[in-house]
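[1] Kindly generate the corresponding structure for this input.
(chains A and B)
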Amino acid sequence: AQSVTQLGSHVSVSEGALVLLRCNYSSSVPPYLFWYVQYPNQGLQLLLKYTTGATLVKGINGFEAEFKKSETSFHLTKPSAHMSDAAEYFCAVGYNQGGKLIFGQGTELSVKP
Amino acid sequence: GAGVSQTPSNKVTEKGKYVELRCDPISGHTALYWYRQSLGQGPEFLIYFQGTGAADDSGLPNDRFFAVRPEGSVSTLKIQRTERGDSAVYLCASSPNRVEPQHFGDGTRLSIL
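    Numbers count the residues shown, from 1 in each chain, chains lettered A, B, ... in the order given. Take a look at the predicted model:
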């Protein structure tokens, strides 16, 4: 069975500081991995995805994530936080047979001025 | 272009009533998904359509929940004999196929009194 664990339900950083949101997954087959962002009262917006190939994936708004198979991790990073990055972030795993996504519990990111 | 549209955006009803939630996917997207997001949680998969047929309905919690997509475009999620525990945000997503990333609507917030 597949599952996703996001370490830390809430992360707070100062504006301009490094953002690191942690995601670990379990999957019995090669995973497809995603990060989505959710702003209040809105749906989920895709930040980036990993399917195959290069393990360092760059997404929108300056975010990137690295797939590490040996660690079963897909952590999300951004070198310098901006106030507009404050939102809920979800890591998700899928696989090509089913299409459905399994989401983590989410991490709320706060950015302090 | 137009994104995934969900109506209504909010629905308040009494316990025991029947509700229908509508999803208009992005034009041309053959895959359509329903998820349920409870407060403070990540989305949970309910059902996945490929075209008109339900390819995976393993996430439907019980037989009170049913979904249709008769013409391969618009989908309706139907909930009978609603219970207070059904209160959540119901998210719809679509994608060109089961491999491509899913695009989410803003959801329908369902409140059962």
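[2] Helix or strand: which one has the spatially closest residue to residue B:33 that is not a sequence neighbour?
    Distances taken as C-beta to C-beta, 6 or more residues apart in numbering or on different chains place residue B:93 nearest to residue B:33, at 4.5 Å, with adjacent residues excluded. For every residue, glycine as well, the C-beta is placed using N, CA and C. When elements are defined using DSSP states H and E, residue B:93 is found to belong to strand B:88-95.
[3] list the contacts for the nearest residue in space to residue B:28 that is not next to it in sequence?
    Among residues not flanking residue B:28 along the chain, residue B:96 sits closest, at 6.9 Å (C-beta to C-beta, 6+ apart). For residue B:96, the set of contacting residues under the criterion of C-beta atoms under 8 Å, 6 or more residues apart in numbering or on different chains consists of B:28, B:29, B:30, B:31.
[4] Mind picking the two most distant members of those?
    Of all pairs drawn from the contacts of residue B:96, the one with the longest distance (C-beta to C-beta) is B:28 and B:31, at 10.8 Å.
[5] low-confidence ranges in the chain?
    In the absence of a named chain, this looks at chain A. A:96-98 (pLDDT under 70).
[6] Chain B, not that one
    Where chain B drops to pLDDT under 70, the residues are B:1.
[7] how many other residues sit next to the closest residue to residue A:101 other than its chain neighbours?
    Counting by C-beta to C-beta, 6+ apart, residue A:101 lies nearest to residue A:92, which is 4.2 Å off, once chain neighbours are set aside. Other residues within reach of residue A:92, judged by other C-beta atoms under 10 Å in any protein chain shown, total 28.
[8] name the element residue A:92 belongs to?
    Applying DSSP H and E as the criterion places residue A:92 in strand A:87-94.
[9] In the beta-sheet assignment, what are the partners of the spatially most central residue of chain A?
    The C-alpha lying nearest the average C-alpha coordinate of chain A belongs to residue A:35 (C-alpha atoms, centre = their mean; 3.5 Å). Each beta-bridge partner of residue A:35 is listed here: residue A:48, residue A:91, as defined by DSSP bridges.
[10] which residue packs closest to residue A:88, ignoring adjacent ones?
    Computed as C-beta to C-beta, 6+ apart, the closest residue to residue A:88 that is not its neighbour in sequence is residue A:38, at 4.5 Å.
[11] and that neighbour, how many neighbours does it have?
    Under the neighbour criterion other C-beta under 10 Å, residue A:38 is assigned a count of 21.
[12] Could you list which residues are in contact with it?
    Residue A:38 is in contact with A:44, A:45, A:87, A:88, A:89, A:90, A:106, counting by C-beta under 8 Å, 6+ apart.
[13] do you know how far the residue nearest to the centre of chain A is from chain B?
    Residue A:35 sits at a distance of 11 Å from chain B (criterion: C-beta to the nearest C-beta, to the nearest Å).
[14] Quick check: that residue touching residue A:66?
    No - Residue A:35 lies out of contact with residue A:66 (C-beta atoms under 8 Å); the separation is 11.5 Å.
[15] tell me the strands in chain B, going along the chain?
    Across chain B, reading from the start of the chain, the strands by DSSP state E fall at B:5-7, B:10-13, B:19-24, B:31-37, B:44-50, B:53-56, B:65-68, B:75-79, B:88-95, B:103-104, B:108-112.
[16] Test my guess that residue B:78 contacts residue B:60.
    No - using C-beta under 8 Å, residue B:78 is not in contact with residue B:60; the gap is 10.7 Å.
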